[in-house]
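Peer 1: Build the 3D model from these lines:
(chains A and B)
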Amino acid sequence: MMKSFDRTEVTLLLCIPVLIGLGFILPQWIVNYIQVSLGTGLVAISVMTQMRSGLVSFGQGLFFCIGGYTAGMAGKFLGISDLFLLLFLGALAGLAISFLLGFLLRRYREIFYAMLTLAVSMILFGLLSSTEELGSTDGFNLASPTYLGWSPEGEMARYALYIATCIPALLCALLLHRYLRSPMGFVGEAIRENELRVEYLGTSAHKSVHITYVLAATVSAIGGVLWALALGHVDPEMTNWTTSGQFVFISILSGTGNIISPLFGTFILEIIRVYAVEISPNTWQLMIGSIMLLTIIFLPKGLWSLIQPSSSVVRTTLKKSTKDSKETSS
Amino acid sequence: MTVLLETRNLERTFGAVVAASNINIQIKAGEILGVIGSNGAGKTTFVNMVTGYLSPSSGEILYRGNPIHGKATRDITKLGICRSFQIPQLFLELSVLENMLIALIIAKGNAPVLFAPAVNDSLEEEALRLLSRFGIEDYANQEITTLPQGVRKLVDIAMATVSEPELLFLDEPTSGVSAHEKLEIMQVLITALKVTNTAVLFIEHDMEIVEAFSPRVVAFYEGTILADGPTAEVLQNSKVREFVIGSEFHRKGDAPPSSTTETNSAKIGSVLEGGV
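Peer 2: Coordinates of the predicted model:
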């Protein structure tokens, strides 16, 4: 059965029990960071997925926020607390809104795509900031989730939520990895390289961009639900440009070479931030900026390029395929 | 022979500039047709209109009797009309094989597949087989940016043929290639395309190439067709000689390059190594 999974997929699947196990061993503050990182990491891999098609979204916080607020509002106004239902509703909201917005965004590339995604996310920021029913700029709190009628308390509630974060987050990462290896993922890379040729080969670049956008948005919304439940709070900062910029930062820092890289990148950024704030509370942004600068200069393809020099999913897949066939023939 | 493509009074204007006017052409199945004309004569505009990149301002384009003007490029490709480009349109950061694989994935209609692996052994084998048809399989693992211009041209054309089109437009297939490479490249191309009985329209500035490979020629001048007919007749047409070819062209009487026993790969390898 494992034959149908590649190395990245096996790693992601193995990470599920490993992370769950670590939840019982590691200090609580690190477990909290892992949990938060998995939520934001999902948004970062969504940004990375779009980058593979040559699209940089400076407004991915939009769907992160939509996911979080959908979960929050479902609890606040409808009394829904079931985690699975909240995840479904958050994903559905992200999917529906991105499907509609996609008809506009799929026509734009490069800076125009970046600015349009940013503009749409800032519209939501403005709306939420001025909506008193949703707590304006302060946002509002979320209740602890339940699990198909089971409502754990105390330490058990904390572990249950941690486990319930690990599983969907890593499964979403696996899903996006599969997407990047699929024909549509290949077409995405081709669009980044030469859109004219893609059209002349007989497929729609617009449709491919639309699908990538919707998929990335849906996964980001799931990340938003998980993040909001982990912190128990949502506020409009989730869709502010600084939050979206952070996701782009993570993608550049970690590189687009592998779906695992942004998940690690998110965690590393969280840790760097913790220490940067502790070392230099007033100038920690300067340290983060310096790291960014050094990464761009010395590792233009991100930290992952230290592990895997080629960032092309096409090339990676081919190398693997060639290796497999050599092993088979020997 | 079945008429594949027919254009009727095709016209394209850009503001006050008439790029193409009153273009009436028929192309039959399996036919090889050369198109000549100076820069700005409307040759590429014609190809752009037929392949859907530009919409005609007026006129009709019929493919197998059905109108195709106004259709998107990708839809025209799916009908069986493909093209190569004057400047090869490739995925530069990928290898030759990867370029072919992407072309094959799209040509096979697999592009909408979302979560199944894109590449398997049989697809790779097919890509390599197609490359060998054009004699460039030895370059399979080289990145496009490292290739000489002649090989890039062949990759560009090979990618255009993966869907086995009925009609293929080659926009200056030998431009940017040194003089001694041109005939060899054309020989490889025409041999490869005859296997699939693909009708070919190629735009060319080199009259020796046109004479050698094209039984019929269409001469463009200032957006209109100046002459259309057998190559010998068109090239001797006084207007064509005056406005298109120039007086310096004389038929050399050289025999077209004969088909040789060398493999395409060997020829291309010897001709293109160290090219542009």
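
Peer 1: contacts, neighbours, all on C-alpha from now
Peer 2: Noted.

Peer 1: Looks to me like B:Ile25 is in a strand.
Peer 2: Yes - assessed with DSSP: H, G, I helix; E, B strand; the rest coil, B:Ile25 lies in a strand.

Peer 1: How about stretch A:47-56 and chain B, touching?
Peer 2: No - using CA under 8 Å from any CA of the partner chain, stretch A:47-56 stays clear of chain B, coming no nearer than 12.5 Å.

Peer 1: In the stretch 101-250 of chain A, what residue comes closest to chain B?
Peer 2: Sorted by distance to chain B under CA to the nearest CA, the residues of the stretch 101-250 of chain A start with A:Gly202, at 3.9 Å.

Peer 1: my bad, the stretch 1-150 of chain A
Peer 2: A:Ser4 (9.5 Å).

Peer 1: Give the burial count for that residue, as a bare number.
Peer 2: Counted with other CA atoms under 10 Å in any protein chain shown, residues neighbouring A:Ser4 total 8.

Peer 1: I figured B:Glu166 was touching B:Ala199, is that so?
Peer 2: Yes - taking contacts as CA atoms under 8 Å, B:Glu166 lies within contact range of B:Ala199: 5.9 Å.

Peer 1: who touches both of the two?
Peer 2: B:Ala29, B:Gly30 (CA atoms under 8 Å, 6 or more residues apart in numbering or on different chains).

Peer 1: which one of the two has more residues nearby?
Peer 2: Using other CA under 10 Å, the more surrounded residue of B:Glu166 and B:Ala199 is B:Ala199, with 23 against 19.

Peer 1: what about the more buried one, distance to B:Val240?
Peer 2: For B:Ala199, the distance to B:Val240 (CA to CA, to the nearest Å) stands at 24 Å.

Peer 1: cool, and B:Val155?
Peer 2: In this structure, B:Val155 and B:Val240 are 33 Å apart, going by CA to CA.

Peer 1: Kindly report the same for B:Pro215.
Peer 2: Using CA to CA, one gets 16 Å for the distance from B:Pro215 to B:Val240.

Peer 1: Comparing the two, which shows the higher neighbour count?
Peer 2: Neighbour tally, B:Pro215 and B:Val240, criterion other CA under 10 Å: the higher count belongs to B:Val240, 22 against 15.

Peer 1: Show the contacting residues for that one.
Peer 2: For B:Val240, the contacting residues are B:Ala219, B:Leu226, B:Ala227, B:Val234, by CA under 8 Å, 6+ apart.

Peer 1: If we use 6 Å, what do you get?
Peer 2: Contacts were defined as CA atoms under 6 Å, 6 or more residues apart in numbering or on different chains; by that measure B:Val240 touches no other residue.

Peer 1: got a pLDDT number for it?
Peer 2: Reported pLDDT at B:Val240 in the predicted model: 82.

Peer 1: Wasn't it part of a strand?
Peer 2: No - if the criterion is three-state DSSP, then B:Val240 is helix and not within a strand.

Peer 1: ok and the residue in chain B nearest chain A?
Peer 2: Here the residue of chain B nearest chain A is B:Arg74; by CA to the nearest CA that distance is 3.9 Å.

Peer 1: So that residue is in contact with A:Gly202, correct?
Peer 2: Yes - using CA atoms under 6 Å, B:Arg74 is in contact with A:Gly202, at 3.9 Å.

Peer 1: Look at those two and report which has more neighbours.
Peer 2: Between B:Arg74 and A:Gly202, counted using other CA under 10 Å, A:Gly202 has the larger neighbour count: 26 against 22.

Peer 1: Report the buried residues of stretch A:29-45.
Peer 2: Counting neighbours by 16 or more other CA atoms under 10 Å in any protein chain shown, one finds that the buried residues in stretch A:29-45 are A:31-45.
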